[in-house]
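[1] Fold the following.
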Amino acid sequence: MKKIFLSFILMVFILANAAAQQAAAEVTFTFTRQNGSASNQFAVWIENSQGQHVKTLYATRWTANGGFSRRPASIPLWVKQSGLSGLSKAQVDAVSAATPGTGALAYTWDGTDARGAPAPAGIYTLVIEGTLRWENQVYYRAPIRLGGGPAAAQVNAEYTAGDRDATAERSMIGNVKVRVLR
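    Numbers count the residues shown, from 1 in each chain. From the prediction side, this is the model:
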């Protein structure tokens, strides 16, 4: 009887842990590499309902590895929100990679925070920030209800313009879709 009880407890623990590792939300979008300098930088992250950084899903390596200090207009909101300047090299390496080529991209949030702890049920925001050209940015935001069940999230886009026209670069990130999976 004791073995059955311990087996039951172990099975519950394994199932709970597996559920925590399942995807909570997925974002897909089309990325089109731009020609020229001061572009092609982006980050994808999760914020809580107070606008605080929860977890980075991806950031372009150039910016994450110090490019932000050489070009402060490179995904500045993510740099600030993530606390990038205080992260260790291992923490930066865990969320950054080379800028991808043109094509469809997908990033998944597993419902955990930056330390790997399960995030509590509630409202979160998936954010994509892209540097289109120099100071020109695009921000995509989609609310996510963690623990609210599967749903499609409404994605809102906002463009900001610096001194230079970046209308042509607006195609850098497009067709953004967010699915809430649990």
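[2] you'd agree R179 is up against A106?
    No: R179 lies out of contact with A106 (CB atoms under 8 Å); the separation is 9.9 Å. In short, each C-beta sits where N, CA and C put it, glycine included.
[3] any shared contact partners between these two?
    Counting by CB atoms under 8 Å, 6 or more residues apart in numbering, the shared contacts of R179 and A106 are E26.
[4] Now Q137: which helix or strand?
    Assessed by DSSP states H and E, Q137 sits inside strand 136-146.
[5] Any buried residues in whatever helix or strand comes next after that strand, and which?
    Per DSSP H and E, the first helix or strand lying C-terminal to strand 136-146 is strand 151-153. Neighbour-count burial for strand 151-153, counted by 16 or more other CB atoms under 10 Å, picks out A153.
[6] before we move on, what about stretch 146-162?
    For stretch 146-162, using 16+ other CB under 10 Å, the buried residues are L146, A153, V155.
[7] which helices and strands does the strand holding Q137 pack with?
    On a contact count with 3 or more CB pairs under 8 Å, 6 or more residues apart in numbering; DSSP states H and E, strand 136-146 meets strand 25-31, helix 76-82, strand 122-133, strand 151-153, strand 156-160, strand 173-180.
[8] could you check the angle strand 173-180 makes with that strand?
    Orientation check (axes from the mean of the first three to the mean of the last three CA atoms, to 10 degrees): strand 136-146 against strand 173-180 gives 10 degrees.
[9] partners of strand 136-146, with directions?
    Strands that pair with strand 136-146, judged by DSSP bridges, come out as strand 122-133 (antiparallel), strand 156-160 (antiparallel).
[10] closest one to A94 among these?
    A94 lies closest to strand 122-133 among these, at 18.3 Å (CB to CB).
[11] Show me what counts as buried in the closest one.
    Y124, T125, L126, V127, I128, E129, G130, T131, L132, R133.
[12] distance of the first one from R141?
    Applying CB to CB, to the nearest Å, the value for Y124 to R141 is 11 Å.
[13] Repeat that for the last one.
    Going from R133 to R141 by CB to CB gives 21 Å.
[14] Equivalent analysis for P150, please.
    P150 is 20 Å from R141, by CB to CB.
[15] any idea which of the buried residues of stretch 146-162 is closest to T32?
    Among the buried residues of stretch 146-162, and counting by CB to CB, the member closest to T32 is V155, at 17.3 Å.
[16] ok, that closest one - contacts?
    Per CB under 8 Å, 6+ apart, neighbours of V155: Y140, R141, A142, V176, K177, V178.
[17] tell me the two of those that are most distant?
    R141 and K177 (13.4 Å).
[18] Looking only at neighbour counts, state which of these two leads.
    R141 (18 against 14; other CB atoms under 10 Å).
[19] Looks like the more buried one contacts A153 (just checking).
    No: counting by CB under 8 Å, R141 sits too far from A153 to count as a contact (9.4 Å).
[20] Alright, that wraps it up for me.
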